[in-house]
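Undergrad: got a predicted structure plus its sequence, pasted below:
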Amino acid sequence: MSDNEHSLTPGERKTLLQIARDTIESHVKSGKIPSLDNYPITGCLREERGAFVTITNPASSSPVHPEPLRGCIGNFTASGPLCETVREMAVSACSRDTRFPPVGADELEDIKIEISVLSPLMPAEDPLSIRKGVHGIYIRDSRGFGGGTYLPQVWSDHFADRDAGYFWSHLCRFKAGLPADAWLHPERYNVLVYTADVFGEEDK
């Protein structure tokens, strides 16, 4: 398992964050999705890559305050350019994450946006060799009966004092709806890892 070799430039990151910000604000205010014609779309932003968009709001304007997470939706695979995937996931994160109410107009000044651009999924030959803050993990029942993922930053942000085994077990039990030891049984479950280029808006 290697680190992501396809990091975006600062300019490309800024463009994707602006697309996500403009899309969320437009969708929340008017239900419309902005065109991508006026953004500097590079060749890299036209590549077909998976991405997640995460929205947080630690302020009192959040209807789920003090829970900072307001939405997180993504795709591991893409059927179109990365810039379009980010736009689509921005809409989904602000309005279709069933764990939370849709983002409201009164929250727009307080929300913060983070984007995770993903590498292809890879089999976890040794699940315990994953690196904290570097590797995301994904597990699914090979028969299609459940699955889930934790992005790379989840380990550092929420389980910093725990080991890789705990990270896998927590994913299986609490996110994927699988037995806690499912990650130890690759004969029944697809145990996968990936890396991500993670970047977000600066603190306001």
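TA: That came through, no problem.
Undergrad: how near is Met122 to Leu184?
TA: 18 Å (CB to CB, to the nearest Å). To be clear about C-beta, it is placed using only N, CA and C from the backbone, and glycine gets the same treatment.
Undergrad: swap in Pro123?
TA: Taken as CB to CB, the span from Pro123 to Leu184 is 14 Å.
Undergrad: neighbour count winner among these two?
TA: Taking other CB atoms under 10 Å, Pro123 and Leu184 do not tie; Leu184 has more neighbours (15 against 11).
Undergrad: might you report the residue contacts of that one?
TA: Pro127 (CB atoms under 8 Å, 6 or more residues apart in numbering).
Undergrad: give me the distance between it and Tyr150.
TA: According to CB to CB, Leu184 and Tyr150 sit 17 Å apart.
Undergrad: give me the pLDDT value at Ser204.
TA: Not quite, residue 204 is Lys, not Ser. Per-residue confidence (pLDDT) for Lys204: 50.
Undergrad: as a check, name the ranges of all strands in the protein.
TA: Applying DSSP state E to the chain gives strands spanning 51-56, 69-75, 112-118, 122-123, 135-141, 147-150, 189-200.
Undergrad: could you redo these as JSON lines and give each row distance to Ala176 and mean pLDDT?
TA: Below are the strands of the chain laid out as JSON lines (distance: least, CB to CB, whole Å; pLDDT from 0 to 100):
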{"stretch": "strand 51-56", "distance to Ala176": "16", "mean pLDDT": "97"}
{"stretch": "strand 69-75", "distance to Ala176": "15", "mean pLDDT": "95"}
{"stretch": "strand 112-118", "distance to Ala176": "17", "mean pLDDT": "97"}
{"stretch": "strand 122-123", "distance to Ala176": "17", "mean pLDDT": "95"}
{"stretch": "strand 135-141", "distance to Ala176": "5", "mean pLDDT": "96"}
{"stretch": "strand 147-150", "distance to Ala176": "3", "mean pLDDT": "94"}
{"stretch": "strand 189-200", "distance to Ala176": "9", "mean pLDDT": "96"}
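Undergrad: turn those strands into JSON lines, including distance to Leu178.
TA: What follows is the strands of the chain, written out as JSON lines (distance: least, CB to CB, whole Å):
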{"stretch": "strand 51-56", "distance to Leu178": "20"}
{"stretch": "strand 69-75", "distance to Leu178": "20"}
{"stretch": "strand 112-118", "distance to Leu178": "21"}
{"stretch": "strand 122-123", "distance to Leu178": "17"}
{"stretch": "strand 135-141", "distance to Leu178": "7"}
{"stretch": "strand 147-150", "distance to Leu178": "8"}
{"stretch": "strand 189-200", "distance to Leu178": "7"}
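Undergrad: taking the centroid of the protein, which residue is nearest it?
TA: Phe52 (3.0 Å; CA atoms, centre = their mean).
Undergrad: against Leu151, how distant is the residue nearest to that residue when sequence neighbours are not counted?
TA: In space, Phe52 comes closest to Gly74 once its chain neighbours are excluded; the distance is 2.8 Å by CB to CB, 6 or more residues apart in numbering. Distance of Gly74 to Leu151, given as CB to CB: 8 Å.
Undergrad: mutual contacts of these two, please.
TA: Phe52, Ser116.
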